[in-house]
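[1] curious how this folds, go ahead:
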Amino acid sequence: MSVLVVGASGAVGGAVVTGLMARGVEVRASSRTPEKLALPSEVQVFAADLNEPASFAAALESVDRVFLYADLAEPEALIAAFAAAGVRHVVLLSSSAVTFPGAAEDFNGSRFIRVERAIEASGAAYTFLRPGGFASNAARWSWGVRSESAVPLPYPEAVQAPIHEQDIADVAVIALTGDDLIGKAPVLTGPERLTLRQQVDTIGAVIGRPVAVIEQTEEESTAMLSRYLPEVWVRQIVKDWREAVGATPSISSEYERITGRPSRTFRSWVEDHADLFR
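    Predicted structure coming up:
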């Protein structure tokens with residue numbers, strides 16, 4: 001069996017490559033900039049662009065399964081190329097946003113729905129991984145923590161159930177190496193609800209010094225984030241925070257059911273990435 005990992009430079013994709021190799025699977029990886037990938041020599045690396053389906057021709061030769069993330073402007077053409085190449089199973093890194101009311105009209109939910117539907121229409125077997133918010137989103141705070149021991153936030157009481165990227169990768173590897181998850185769409189979350197303030201406090205506890213929250217107005221936060229992110233993403237992030245104040249997000253048990261292990265806590269993510277904040 002040969003598996004192509006699209007997006008191996010990402011945190012989840014890189015962990016999927018490592019997990020597949022540990023199981024003795026032949027792994028290929030693709031990237032727009034393959035020269036930037038730091039992968040073991042056993043991994044075949046291909047230059048391929050998600051927006052140019054023909055660029056995947058070499059990477060897809062004799063490939064059985066594909067791990068794909070959903071950052072696709074025109075998914076139908078790429079999925080058609082997968083099907084034409086004989087790919088029989090696509091494991092998609094989707095999002096729990098597709099399960100929310102009004103998802104089809106929401107910027108975040110709608111883009112994932114479109115990719116899911118393209119895969120369903122292709123006739124290939126599929127597994128849709130639907131994680132909630134990533135613990136790694138806290139990496140955005142690293143500069144403030146390192147330089148000022150402070151994190152500016154407009155809605156510090158927003159509640160999340162952040163998931164460690166390794167948990168997502170673990171489930172992806174199981175999906176890519178067996179058939180039990182074909183046709184499934186597990187929603188994945190972390191094991192606990194935490195406010196943004198509690199996440200900041202956890203970072204402080206791990207690195208051994210207090211980290212303050214500086215409360216911002218929504219306008220101040222929007223202006224700050226807009227220096228680094230496209231406007232559409234800034235609107236989505238701030239909207240998600242605003243709507244999460246006082247929320248009680250569901251906690252999924254799917255990771256434990258699928259892997260037989262408890263899911264990783266936010267603190268474990270911080271411990272794994274503590275150098276970001278020191």
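
[2] for the rest of this, base every contact and every neighbour count on C-alpha atoms.
    Fine.

[3] can you map out the helices along the stretch 51-200 of the chain?
    57-60, 75-84, 107-122, 142-148, 165-176, 196-207 (DSSP state H, counting those that start in this stretch).

[4] nearest to L4, of those?
    For L4, the closest of these is helix 57-60, at 7.2 Å, according to C-alpha to C-alpha.

[5] any idea how the protein splits into domains?
    The record's domain split for the chain, according to automatic domain parsing, is 2-131, 133-164+189-249+264-278.

[6] just the endpoints, please. Distance across the longest one?
    Distance between the boundary residues of domain 2-131 (C-alpha to C-alpha, to the nearest Å) amounts to 25 Å.

[7] do stretch 149-158 as well
    20 Å.

[8] which residues does it contact?
    Residues from elsewhere that reach stretch 149-158 (C-alpha atoms under 8 Å, 6 or more residues apart in numbering): 141, 144-145, 195-197, 200, 209-218, 220-221, 241-247.

[9] could you do stretch 250-269 as well?
    135-136, 161-164, 167, 170-171, 186-193, 199, 202-203, 206.

[10] now that stretch: buried residues?
    Using 16 or more other C-alpha atoms under 10 Å as the test for burial, stretch 250-269 gives S250, I251, S252, S253, E254, Y255, S263, R264, T265, F266, R267, W269.

[11] let's verify the last one: helix, strand, or coil?
    In terms of secondary structure, W269 is helix; the call rests on DSSP: H, G, I helix; E, B strand; the rest coil.

[12] do you know the pLDDT at I174?
    Note for I174: predicted pLDDT of 98.

[13] right, I mislabeled it, should have said L39
    Confidence score, pLDDT, at L39: 87.

[14] tell me which element it falls in.
    Under the criterion of DSSP states H and E, L39 resides outside all helices and strands.

[15] for A48, see how far away it is.
    Using C-alpha to C-alpha, L39 is found at 16 Å from A48.

[16] ok, the two, which is more surrounded?
    Using other C-alpha atoms under 10 Å as the criterion, L39 and A48 rank with A48 on top: 22 against 16.

[17] one step back: which among the buried residues of stretch 250-269 gets closest to E35?
    Of all the buried residues of stretch 250-269, E35 sits closest to W269, with 27.8 Å by C-alpha to C-alpha.

[18] any idea of the pLDDT on the closest one?
    On the pLDDT scale, W269 gets 98.

[19] one more: E105?
    If you check E105, the pLDDT there is 84.

[20] now the one 3 residues further on
    N108 carries a pLDDT value of 82.

[21] mind listing what the residue lying closest to it once chain neighbours are set aside touches?
    Leaving out its chain neighbours, the residue that sits closest to N108 by C-alpha to C-alpha, 6 or more residues apart in numbering is A97, at 6.7 Å. When contacts are counted by C-alpha under 8 Å, 6+ apart, A97 touches A103, N108, G109, F112, R130, G132.

[22] over to F107?
    Q236.

[23] swap in 6 Å and give it another go.
    With contacts defined as C-alpha atoms under 6 Å, 6 or more residues apart in numbering, F107 is in contact with no residue.

[24] and S94, by the same measure?
    S94 touches A70, F112, L129, R130, counting by C-alpha under 6 Å, 6+ apart.

[25] the same query, at a cut-off of 10 Å, please.
    S94 makes contacts with 68-71, 109, 111-113, 115-116, 127-132, 185, 187, as judged by C-alpha atoms under 10 Å, 6 or more residues apart in numbering.

[26] for it, phi and psi?
    The phi/psi pair for S94 (degrees, to the nearest 10) reads phi -100, psi -140.

[27] that older thread, report the buried members of the contacts of S94.
    68-70, 109, 111-113, 115-116, 127-132, 185, 187.

[28] can I get stretch 224-231 in PDB, CA atoms only?
    Written as PDB, here are the backbone C-alpha positions of stretch 224-231 (Å, rounded to 0.1, in the frame of the first residue of the first chain):
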ATOM      1  CA  MET A 224      -4.000  44.000  15.500                       C
ATOM      2  CA  LEU A 225      -4.900  40.700  13.700                       C
ATOM      3  CA  SER A 226      -5.200  42.500  10.400                       C
ATOM      4  CA  ARG A 227      -1.500  43.100  10.300                       C
ATOM      5  CA  TYR A 228      -0.900  39.400   9.900                       C
ATOM      6  CA  LEU A 229      -4.000  37.700   8.500                       C
ATOM      7  CA  PRO A 230      -6.400  38.300   5.600                       C
ATOM      8  CA  GLU A 231      -9.500  40.200   6.600                       C
END
